[in-house]
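**Student:** okay, sequence plus prediction incoming.
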Amino acid sequence: MAMAQDDIIALLSAAFPDAKIEMIDLAGDNNHWKAIIESEQFRGKSRVAQHQMVYAALQGKMDGANGELHALALETSAP
Amino acid sequence: MTDIPAHAQIAKTVSENDVVLYMKGTPTFPQCGFSSTVVQVLDYLGVDYASVNVLEDPAIRQGIKEVNNWPTIPQVFVKGEFIGGCDIIREMFESGEMRTMLADKGISMAA
C-alpha cells in the first residue's frame, strides 16, 4: 500500500513547521521516496537523532512488513 | 537489560562483535538494495563484521526496530553503538567520517 507524497509531506510539515522539504520519487513507483529535510530542529543533533525525529513524525507509517511506506531515504540537515 | 528475549539476544550479539550488520539477506546474497549498499561499504573498507539476516528471524527483525527506535533495515553497530542505517552509512562513507569513526574505535580496515 503506497502512501501519497502529500500525506508524507503533511506529516513532516506538522512535525517540522519551519522545514524545507523536498520529496524525490526514487523509483517512479510512488513507493520508494527520498526526503530531503532542512530544519532548525536538527541543529546540534546527531544524524541518528535527526532520523529518529523524522521516523517519529511519520507515526509508524514505516513499521512492519505492511507499513504504508516501504522505503524512505533521508537526508536531514540544519539550515 | 531487558526481559524481551530478542532484545537480550541483540545486546549480546552487538557486545560480542566489534561490527555487526543487521540486514535482509546475507553479504553474499543481499535481498534488499539498502542492505546491499552497506555491505559494499563495509567490504570496500575491508572491515571484518558479523551479519544477521533478519529475514530468518521475525523476532529479531521486530526487536532490532524496537531497540533503536528505528523502523528500517539495515542497521549497523560498532562496538555496541548503533551507528545508523543505509543513508547515514553512505553519507559517512562518502565524507570520510566512516573511516575516521572506525579508526577511532580501533576497528582495523584492510583498505
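**Tutor:** Looks like it arrived, so ask away. What you are looking at is a predicted structure, and each value in this text was computed from that prediction instead of being measured.
**Student:** please count neighbours and contacts with C-alpha atoms only from this point.
**Tutor:** Fine.
**Student:** quick one, phi psi at residue 76?
**Tutor:** By default, I'm working from chain A. phi -120, psi 150 (degrees, to the nearest 10).
**Student:** can you look at chain B instead?
**Tutor:** The phi/psi pair for residue B:76 (degrees, to the nearest 10) is phi -120, psi 130.
**Student:** could you check the pLDDT of the residue nearest to residue A:16 when sequence neighbours are not counted?
**Tutor:** With sequence-adjacent residues excluded and distances taken as C-alpha to C-alpha, 6 or more residues apart in numbering or on different chains, residue A:16 is closest to residue A:39, at 6.7 Å. For residue A:39, the model assigns a pLDDT of 97.
**Student:** and if you look at residue B:111?
**Tutor:** So, for residue B:111, pLDDT stands at 68.
**Student:** any idea how far residue B:63 is from the residue of chain B positioned farthest from its centre?
**Tutor:** Centroid-distance maximum for chain B: residue B:3 at 22.7 Å, with C-alpha atoms, centre = their mean. For residue B:3, the distance to residue B:63 equals 12 Å [C-alpha to C-alpha, to the nearest Å].
**Student:** so which bits of chain B are right by chain A?
**Tutor:** B:62, B:69, B:70, B:71, B:72, B:83, B:84, B:87, B:88 (C-alpha under 8 Å from any C-alpha of the partner chain).
**Student:** next up, the contacts around the residue nearest to residue A:16.
**Tutor:** A:16, A:18, A:19, A:20, A:76, A:77, A:78, A:79 (C-alpha atoms under 8 Å, 6 or more residues apart in numbering or on different chains).
**Student:** could you say which helix or strand contains the second one?
**Tutor:** Under DSSP states H and E, no helix or strand contains residue A:18.
**Student:** ok, now residue B:102?
**Tutor:** helix B:97-104.
**Student:** kindly report the same for residue B:77.
**Tutor:** Counting by DSSP H and E, residue B:77 is part of strand B:75-78.
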